[in-house]
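# Would you be able to build a 3D model of this:
(chains A and B)
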Amino acid sequence: MRWLTFLALLITAAAHAGAEYERTEVREDCASFDPLRRAYYGDTHVHTTFSFDAWGQGTLAGPREAYRFARGERIGIQPYAEDGTPRAHVELRRPLDFAVVTDHSDLMGETRICRDPELPGHDSIVCRVVRRFPMLGYGLVNGHIYSSKEPRRYSFCGPDAIHCLEAGRGPWKEIQAAAEAYYDRSSACAFTTFVGYEWTGMPGGANAHRNVIFRNEITQAYPTTYLETPTAEGLWKSLVDECLDGAEGCDVLAIPHNSNVSAGTIWTTHRSNGRPIEAPDAEARMRLERLVEITQHKGDSECRAGAEDELCDFETLKMRTMTDMAMPWKKPDVPPMTYTREALTEGLVQSERLGINPFAFGIIGSTDTHFGTPGMVDEDQHRGHAAGLVSGRFGPRAMPDIPLFNPGGLAVVYAEENSRDALFTAMHRRETYGTSGPRIGVRFFGGWDYPDDLCEAPDRVARAYAGGVPMGGELSPEDASAAPRFLLSALRDPAPGGAPRTPLQRLQIVKGWLEGGEGHERVYEVGGSPDNLADVDLSTCVQRGPGHDQLCSLWTDPDFDPEQPAFYYARVVENPSCRWTQYLCNRAGVDCASPSSIPDGMGACCDPTVPATIQERAWTSPIWIGR
Amino acid sequence: MAAERNLCRSGLEHESGQPIVSPCRSFFKDDLGVTPRMLTWIWFAAIFLLVPWPWIGMGYSLVPALRYGMLAGAGLAVAAAEGAQGPAPLIIGMFCLAFLLFTGLSWWLAGAVAKLLARTTPPRRMGLTLLCLVVALLIALTTQPYRTPYGHAERGGLIEILS
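Numbering: from 1, shown residues only, chains lettered A, B, ... in the order given. A predicted model of the protein is given here:
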């Protein structure tokens, strides 16, 4: 049997001799192989009923339902009737290309025990409280486990947590089985799944979460948990020991998210013992943490609001940690190294010191849905995310979410085909970007000798690849003949199926560089019309003013100094459009001039701190020079 | 004034025409045997059990003090059995605070109502008390006046919050 598998691998590997990835699994070749790569849209952050917090808020959709939803099927969600029949149904306007169910590895067993009366521990006080008072149980257990600096299992888990670990094996197997069942191994390559989970460390309430994604069906025997492994270093070590070095054919990525509420802990330059990181620490991080989730339901992590860059004030929570939400009287005190751009800049500083950049990551977005509904990102269809402080278990409320939260974003990956190996390799090389929801098409390349007419060239993508590097790549300063040139092109989201179609407004390139040992940053307007005066009629959400269906720019850095290490990433910004809250307020007929028109629970409609409009956007992975 | 209120009419009169009064054994000695303290307790029990109080914890709730007590008790039971780390002590503390606050307010409100009712005649007092209790109980049982984000339904009646 083994030699048959080996032979099949040989055959498929031979068939893809031209591809820049190795085939590590048995599958048919994709009919749609494109050597110039195409954008695949997906969601790498999805919770289902196996996550304690999702189940605690009434989610019964499992990984199979999540994948069905991602493929475009209609699924039922909460609230459920007594017999388990869903009373609400949801469906994507257009299917995703790939998705990853990333249930919390922590509490996977506990969740099952509390649900299954046959399992030991079912009648423990914790489980009884969780079942009797779901929201209270949610707060107590989440707080006790995830937010503790020294997490420990509940006593009902038994000695060495044997009952909980054993109970967790069932969901873990089902997560893998569902990923296998819904992965299209045929030549149609219609949909790709990955096996994954979320390591849920949140010491002291500071978010340090990582989504772990495996390249193929070869995975850890059991996911690493914050309870047993309470540091990021420990997570990396377990992934190396149990996957990269410990299981043949196993490959894995860890993707941090919500640095915006991490109190600076995700991008720490210190080890857990307090000592500064050294080169091996940076190497360990870079071996696994190739990407970062820049945006999701619980806010945007790109850059600090209030900085010189006005567009940084976008879906920003302005909290130090999530627990600050329970203490609204506290003055926000967001420490340095909270945002992605700060980390990218600090990476250059650390690179000078260590010889390796620990923060050279690419960018994606995702949802963090707890409904089991990957890719449900449209502002006009937002119905909460079934976790956090606004319960989803009772069905959509008048205001189904905390007004400062949002529907989340998407991960976009440039790959030759829609297969696990192709997508994973693309993620590893960081040829990815994130969007705040819309499917904006973005290409971003850097090179030294791009011709002036590259934007107009029909074969510009081929020439851009040939003469430079795509997003996520590195340009060597030794090759510099002049200042680097960047090709940035964007297509607006075609938005079929009734989703709002918003024109593009502008193209920007964000540069960070090192000068005199200190990091600096600057935003360059490189295309479009920043001052196009486009706006939106708030009463109807109809967009007004000019905009662009597509934009392309070839930009040369006017301030380039080959002695200064730098990174460049692109930001593509749409015209203003209605935020999800405004759609709901309009539907409810809210007129802020008439207080009697404001229904119960819709006060946020007239709260000036809740934006009525947004400018959706895409962020590419950076291109580095001399990092 | 308090002493005067605790005097009961005998129904007889002095030669001067003044009614003959004597200290009551109880406030309602001559009707239902309910003392002022008992009346206060009756009202306290009703308010404690039935009157919703608003509280912003993890979501906006509007439930009687008893319910906050149940939530605080559940949290304390978990903490006693397993300890409480992270924000769990804060959550439990908030419910304990809500319970104590609204229990105190219930007692104060019951005393105030009993004091108001003391201005009326004993039969009227009890009549009003019974009427209010029955109406409140009916509302609590037949409608969903409570917002219960910690339970199994967003809104509920008395049965839901006690079951």
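# Could you find the closest non-adjacent residue to the closest residue to chain B within chain A?
Across chain A, the shortest distance to chain B (Cβ to the nearest Cβ) belongs to A:S147, at 3.3 Å. Any C-beta I mention is one placed from the backbone N, CA and C, and that applies to glycine too. Distances taken as Cβ to Cβ, 6 or more residues apart in numbering or on different chains place B:G86 nearest to A:S147, at 3.3 Å, with adjacent residues excluded.
# Count the residues that sit near the one you found.
A count of nearby residues for B:G86, using other Cβ atoms under 10 Å in any protein chain shown, gives 25.
# so it sits in a strand?
No: counting by DSSP: H, G, I helix; E, B strand; the rest coil, B:G86 is not part of a strand but coil.
# Which residues outside the helix or strand hosting A:V442 are in contact with it?
Here A:V442 sits within strand A:441-447, counting by DSSP states H and E. Contact with strand A:441-447 is made by A:39, A:412, A:433, A:461, A:464-465, A:467-471, A:473, A:475, A:484-491, A:493, A:568-570, A:572, A:618, A:620-621, A:623, A:625, as judged by Cβ atoms under 8 Å, 6 or more residues apart in numbering or on different chains.
# just how off-centre is it within its chain?
Taking the mean of its C-alpha atoms, strand A:441-447 sits 20 Å from the chain's own mean (Cα atoms, centre = their mean, to the nearest Å).
# mind listing the strands in the stretch 501-627 of chain A by residue range?
All strands of the stretch 501-627 of chain A, identified by DSSP state E, counting those that start in this stretch, fall at A:504-515, A:518-528, A:535-537, A:542-544, A:550-556, A:566-574, A:577-578, A:613-614, A:617-620, A:623-625.
# top helix in chain A by residue count?
helix A:162-182 (DSSP state H).
# Please spell out which residues along that helix are buried.
A:163-168, A:171-172, A:174-176, A:178-179, A:182 (16 or more other Cβ atoms under 10 Å in any protein chain shown).
# does that helix come close to chain B?
No: if you take Cβ under 8 Å from any Cβ of the partner chain as the test, helix A:162-182 misses chain B, and the best it gets is 13.0 Å.
# So out of everything in chain B, what residue is nearest chain A?
For chain B, Cβ to the nearest Cβ, closest residue to chain A: B:G86, 3.3 Å.
# hang on, the earlier thing: report the secondary structure state of the residue of chain A closest to chain B.
Classified using three-state DSSP, A:S147 is coil.
# quick one: it from A:K298, how far?
Separation of A:S147 from A:K298 (Cβ to Cβ, to the nearest Å) stands at 14 Å.
# Same question for B:M126.
56 Å.
# between the two, who's got more neighbours?
Shown here are B:M126 and A:K298; by other Cβ under 10 Å, A:K298 has more neighbours (25 against 18).
# Tell me if I'm right that that one and A:D368 touch.
Yes: using Cβ atoms under 8 Å, A:K298 is in contact with A:D368, at 6.5 Å.
# For the buried residues of helix A:162-182, work out which two are farthest apart.
A:H163 and A:Y182 (30.2 Å; Cβ to Cβ).
# one step back: go through the contacts of strand A:441-447 and flag which are in helices.
Using DSSP H, the contacts of strand A:441-447 in helices are A:461, A:464-465, A:467.
# Closest to A:A282 out of these?
A:Y465 (28.7 Å).
# on that earlier part again, any idea which helix or strand comes after the longest helix of chain A?
strand A:192-199.
# could I have that following strand exported to CSV, CA atoms only?
Extracted C-alpha coordinates of strand A:192-199, given in CSV (Å, rounded to 0.1, in the frame of the first residue of the first chain):
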residue,chain,number,x,y,z
THR,A,192,-9.9,23.3,-0.3
THR,A,193,-9.9,22.7,3.4
PHE,A,194,-7.1,22.5,5.9
VAL,A,195,-6.9,20.8,9.3
GLY,A,196,-6.4,23.5,12.0
TYR,A,197,-7.1,24.6,15.5
GLU,A,198,-6.7,27.7,17.6
TRP,A,199,-4.2,27.9,20.5
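# Past it, which element shows up next along the chain?
Following strand A:192-199 in sequence, per DSSP H and E, is strand A:210-214.
# For the next helix or strand after that following strand, give me every contacting residue.
Using DSSP H and E, the helix or strand that follows strand A:210-214 towards the C-terminus is helix A:232-239. Helix A:232-239 is contacted from outside by A:199, A:201, A:208, A:210, A:212, A:220, A:224, A:229, A:252, A:254, A:266, A:271-272, A:281, A:284-285, A:287-289, using Cβ under 8 Å, 6+ apart.
# Of those, select the buried ones using a PyMOL command.
Entered in PyMOL, the line below selects the buried ones among those, by 16+ other Cβ under 10 Å:
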select buried, chain A and resi 199+201+208+210+212+220+224+229+252+254+266+281+284+285+287+288+289
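# that older thread, quick one, the strand holding A:V442 and strand A:566-574 angle?
Orientation check (axes from the mean of the first three to the mean of the last three Cα atoms, to 10 degrees): strand A:441-447 against strand A:566-574 gives 160 degrees.
# Give me the sheet partners of strand A:441-447 and which way each runs.
strand A:468-470 (antiparallel), strand A:485-491 (antiparallel) (DSSP bridges).
# Could you dump these into JSON lines and include mean pLDDT, mean neighbour count and distance to A:S419?
As requested, the strands paired with strand A:441-447 are exported to JSON lines (pLDDT from 0 to 100; neighbours: other Cβ atoms under 10 Å in any protein chain shown; distance: least, Cβ to Cβ, whole Å):
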{"stretch": "strand A:468-470", "mean pLDDT": "97", "mean neighbour count": "21", "distance to A:S419": "19"}
{"stretch": "strand A:485-491", "mean pLDDT": "98", "mean neighbour count": "24", "distance to A:S419": "24"}
